[in-house]
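**Student:** structure, please.
(2 chains)
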Amino acid sequence: MNKTLQVIHFEVMRNLKKPSFWAAAILVPVLLGVYIGIAALAGYQAGESLEGGTDTSEMKLAVYDEAEYLETTSFINENDEEQKITKYEDKDSGINDVKSGKIDVFYYVPKNLNESQTIEVYTKQDQASLLDDYSTPIRSILGATATKNIDPFDLVIVTNQIHYNTTTYDAKDNHVIDLAENISKIIGPAVALVLFYILIVVLGNRIIAAMTEEKENRISELVLTSINPTNLIVGKIISLMILGIIQLIVLVLPLIILYKFAETHGALPFDIALQFDAFNIAQYAVLLIASYFLFTAFCVAIGAVSPTAKDANSFSSVIIILTILPLFFINALTGEPQAMAYFLTYFPPSAPITIMFRGVFGNLAPWEFWVGLADIVIVSALVAKLATHLFRRNAIDFTSKVSLKKLFGSPRTTWKN
Amino acid sequence: MATKSAQNIIEVKHFKMVFTDKTVIKDLSFEVKQGETFGLLGSNGCGKTTTIRALLGLYEPTAGKLLINGKKFTPGHNIRVGYLPEERGLYKKENVIDVMVYFGRLKGLKNPKEWSLKYLERVELLDHAKTKISKLSQGQQQKVQLGITIMNDPELLILDEPTKGFDPVNRKLLMEIIEELHQKGSTIILITHYMDEVQKLCDHILLLKDGVAKAYGTVTDVRKKFRFKSLDEIFVEVYGEKEEENE
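**Tutor:** Predicted structure coming up:
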């Protein structure tokens, strides 16, 4: 097997064997899943609470209607059965019966209801049910009484149940903007943006460590008399790319499975059926891989001239800041692009996130995407070449710090291949 | 032992090495014949390791030619080389057998696992084949490094201060291995400060000081030049003189 392939095999397999790689790879989707789960559960519970409140179907309910407003004392409970509320003739006996446990809930409708607009609810509760809401039965009865003499259509208007069908024309060429189609164009850049950010966070340090490991552990000489540095560094870069792609698959696969499951079971948390624009997704998948290649190349170059991972970290922080620079200029990216947006789009380190952001906001012309992508690919290749050169010069420089003299000064190590 | 008709396996001609503003090697020429054991001697910082690194292509010489088998060295192309550097380590987080197999593959072995297991058995480390390198003692790590150095049955074995930090057991093992390879006809370059090792193993020696060879020839020739003093006395005489600051 070719020596570069041996390096790839060694680097990929030893990372895949490490629990820490899988912990880092799985941690993000798990945390994301837990976050979404908690948010969905909280939303569901809030919705339940708003719609139905506490189930009172097994409870004894009573009311004293001093205002003589209620025209009925029955309502449809949680089990879709008609449930009656017992009428009381005074407030005190109702409260006393709640205290003694004869009834569970007592409603007092005061004589001046139209002025106070308040109904008193009395219950006996323990700590666990302190937040329960028992107002649903009396709400239903009040609603039924109030709407008895209203025209059903007026009721639809008053309760805001009219549907509004919106047609939006594009500001530039007046074509009708289809919401589902618009969302389909956002999926590619939005997903790429999230994944790229996760890759930087999860794999940044791993790239640096992979590059400085031979120097830190004094293995360089042993390795470099068996393989030339170009083969070694190319093998390392390719293995880091493979690990990044494995990380992406670990991130994306559960999302696809989850989406397909939710779609099949009609459990999508939104009403619009998503359309997937294959070309758009492919475009941003390529951009994502090119962006990761660019980030890797920068980190490899830094690792190549640093004696230890610790020394490299301060320099890699600069690259990370330049990469996430667009996050500090979000306002410049949302509207019509101005000078700052163009600068960030074509400044190589910030180009990936800027292009993805502008793709989400829909203000990136197709030609800008392709020029930006070409910019990233070309710069990645140049930086990777520079990284290889720097690695050759500094592969057995075990101690000295990074300096301009070291980068471009007289040769230490050189291999002619 | 090398015969008179043996070919030169190493040729160094007018080698000069300058690092930015420091001249480490001024003008160095020597030859090593196939099958001989060659001692490269000198005090710390005199340029021995620099010479070896330049010979193995790890440094680009400022001037001169450093040839192995008549060519500039490139890994895996012109000769099987085993190199035990002075600065040596291993992939600490990996297990012994994985590291050995990786190096075996890089060195072009057909069955690196089989060779590695056999070697580990010989040096009583078979039980540690799956142990992480970082969990091994210093002496055990040295055995693994030595195994990696010789696993490709080197035609040229370069040992840079090989016994530095070795315990007596590993030192004995190293001497056995050197002897075995020498019997097989391997050429050995030994960089050491231990004159007893030089006396015992080397055919030719070169004493390096101030970037030039102060003495070069067979052990007998060199001793003759220094009025048949012992190698230890010669070392003290040569390196006891005030040295120019170079490396």
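**Student:** residues touching the longest helix seen in chain B, excluding its own?
**Tutor:** Longest helix in chain B by number of residues, with DSSP state H as the criterion: helix B:168-184. With contact meaning Cβ atoms under 8 Å, 6 or more residues apart in numbering or on different chains, helix B:168-184 is reached by B:35, B:37, B:123, B:139, B:142-143, B:146, B:150, B:153-154, B:157, B:159, B:162-163, B:166, B:188, B:190, B:201. For glycine as for every other residue, the C-beta is placed from the backbone atoms N, C-alpha and C.
**Student:** which of the residues you listed are buried? Put it as a ChimeraX command.
**Tutor:** Only the buried entries of the contacts of helix B:168-184 go into this ChimeraX selection, using 16 or more other Cβ atoms under 10 Å in any protein chain shown:
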select /B:35,37,123,142,143,146,150,154,157,159,162,163,166,188,190,201
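**Student:** quick one: the strands in chain B?
**Tutor:** B:8-19, B:22-33, B:37-41, B:63-68, B:81-84, B:156-160, B:187-191, B:204-209, B:212-218 (DSSP state E).
**Student:** to chain A, which of the ones you listed lies closest?
**Tutor:** Closest of those to chain A is strand B:81-84, at 4.5 Å (criterion: Cβ to the nearest Cβ).
**Student:** got the CA coordinates for the closest one in PDB?
**Tutor:** Extracted in PDB, the C-alpha atoms of strand B:81-84 (Å, rounded to 0.1, in the frame of the first residue of the first chain):
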ATOM      1  CA  VAL B  81      18.100   2.500   6.700                       C
ATOM      2  CA  GLY B  82      17.600   2.000  10.400                       C
ATOM      3  CA  TYR B  83      18.000   5.200  12.400                       C
ATOM      4  CA  LEU B  84      17.800   5.500  16.200                       C
END
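**Student:** rewinding a little: could I get the strands of chain B as CSV with mean pLDDT and distance to chain A?
**Tutor:** Output for the strands of chain B, formatted as CSV (pLDDT from 0 to 100; distance: least, Cβ to the nearest Cβ, whole Å):
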stretch, mean pLDDT, distance to chain A
strand B:8-19, 92, 7
strand B:22-33, 92, 10
strand B:37-41, 93, 16
strand B:63-68, 93, 11
strand B:81-84, 92, 5
strand B:156-160, 92, 9
strand B:187-191, 93, 13
strand B:204-209, 91, 19
strand B:212-218, 89, 21
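**Student:** could you list the low-confidence segments of chain B?
**Tutor:** Residues of chain B meeting the criterion pLDDT under 70: B:1-6, B:241-247.
**Student:** cool, the stretch 151-300 of chain A as well?
**Tutor:** A:166, A:171-172, A:267-273.
**Student:** for it, which residues are neighbours of chain B?
**Tutor:** Taking Cβ under 8 Å from any Cβ of the partner chain as the contact definition, the stretch 151-300 of chain A meets chain B at A:Glu213, A:Asn217, A:Arg218, A:Ile219, A:Glu221, A:Leu222, A:Val223, A:Leu224, A:Thr225, A:Ser226, A:Ile227, A:Asn228.
**Student:** those residues in helices, which ones?
**Tutor:** A:Glu213, A:Glu221, A:Leu222, A:Val223, A:Leu224.
**Student:** hmm, which of those residues are the buried ones?
**Tutor:** Judged by 16+ other Cβ under 10 Å, buried ones among those: A:Glu213, A:Glu221, A:Leu222, A:Val223, A:Leu224.
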